[in-house]
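Peer 1: Here you go, sequence then predicted model.
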Amino acid sequence: EPEVTQTPSHQVTQMGQEVILRCVPISNHLYFYWYRQILGQKVEFLVSFYNNEISEKSEIFDDQFSVERPDGSNFTLKIRSTKLEDSAMYFCASSRTEGHQPQHFGDGTRLSIL
Amino acid sequence: AQSVTQPDIHITVSEGASLELRCNYSYGATPYLFWYVQSPGQGLQLLLKYFSGDTLVQGIKGFEAEFKRSQSSFNLRKPSVHWSDAAEYFCAVAPGGSQGNLIFGKGTKLSVKP
């Protein structure tokens, strides 16, 4: 069964540094998402992406965050200047359509900011 | 605001016993409803989904869930739990329409006693 793959599985970064988290969505999916889960808290929506542009974003997704689909397969989340509170598990998800089609999640990238 | 409540943070059941995990949502219309499971170090795996129609939905691994509009609930059940079911379970809501983002509950951690 096709899967969403995320790299790296664990990223350790100094505060203030830029970090890029990478995702390869399922190949025939058109909608892409990023979520995060701070340790011990609920999974929170960050952003959705369709047709090469952001379709929706949460208030967490401020100017420090950006997303890109640089080629036909990758979907990236960039945090420009990381803060301690950005430490979390970041999940990428994809779906064929939005709303009623289920989102398929990757195994996540654990981001640790020192 | 839309929200999802999972009132039980941690549940322990004996192997072979039945299981019910509770989920309530707050939303004006009938949203799309999902249950996901997360094993340690893994991503979120879809167990089942409800969009419309029959209010009792069957999922993978022997799980089922029942949508009750009058109670705004979507409880997850399994008649006989296996040790491999130990994991964290998340109820999620997609408001539907043009909104694709998922709103998650805080999760219920399931422990299984031998």
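Peer 2: That came through fine.
Peer 1: Where does chain B get nearest to chain A, which residue?
Peer 2: residue B:100 (3.4 Å; CB to the nearest CB). C-beta here means a position set from N, CA and C on the backbone, and glycine is covered the same way.
Peer 1: Hmm, that residue is touching residue A:35, no?
Peer 2: No. When contacts are counted by CB atoms under 8 Å, residue B:100 is not listed as touching residue A:35 (11.7 Å).
Peer 1: In contact with residue 109, which residues are there?
Peer 2: Since no chain was named, I'll use chain A. Contacts for residue A:109 were tallied using CB atoms under 8 Å, 6 or more residues apart in numbering or on different chains; they are A:6, A:7, A:8, A:9, A:10, A:11, A:21, A:89, A:90.
Peer 1: That was the other one, I meant chain B.
Peer 2: Counted by CB under 8 Å, 6+ apart, residue B:109 has contacts B:9, B:10, B:11, B:87, B:88, B:89.
Peer 1: coming back round to it: find the pair from the contacts of residue A:109 with maximum spatial separation.
Peer 2: Largest separation among the contacts of residue A:109 by CB to CB: A:7 and A:89, giving 13.9 Å.
Peer 1: These two: which is more packed in?
Peer 2: Using other CB atoms under 10 Å in any protein chain shown as the criterion, residue A:7 and residue A:89 rank with residue A:89 on top: 19 against 13.
Peer 1: now that one, which residues is it bridged with?
Peer 2: residue A:37, residue A:110 (DSSP bridges).
Peer 1: Show the pLDDT at it.
Peer 2: Residue A:89 is assigned a pLDDT of 95 by the prediction.
Peer 1: now do residue B:104
Peer 2: So residue B:104 comes in at 93 (pLDDT).
Peer 1: ok, it touching residue B:4?
Peer 2: Yes. With contact defined as CB under 8 Å, residue B:104 reaches residue B:4; the gap is 6.3 Å.
Peer 1: joint contacts of these two?
Peer 2: B:91, B:92.
Peer 1: for residue A:23, what are its contacts?
Peer 2: A:4, A:5, A:6, A:32, A:34, A:74, A:75, A:76, A:77, A:92, A:106.
Peer 1: what's the distance between it and chain B?
Peer 2: 11 Å (CB to the nearest CB, to the nearest Å).
Peer 1: count of neighbours near the spatially closest residue to that residue that is not a sequence neighbour?
Peer 2: Leaving aside its sequence neighbours, residue A:23 sits nearest to residue A:92 (CB to CB, 6 or more residues apart in numbering or on different chains; 3.3 Å). Applying other CB under 10 Å, we find 29 residues neighbouring residue A:92.
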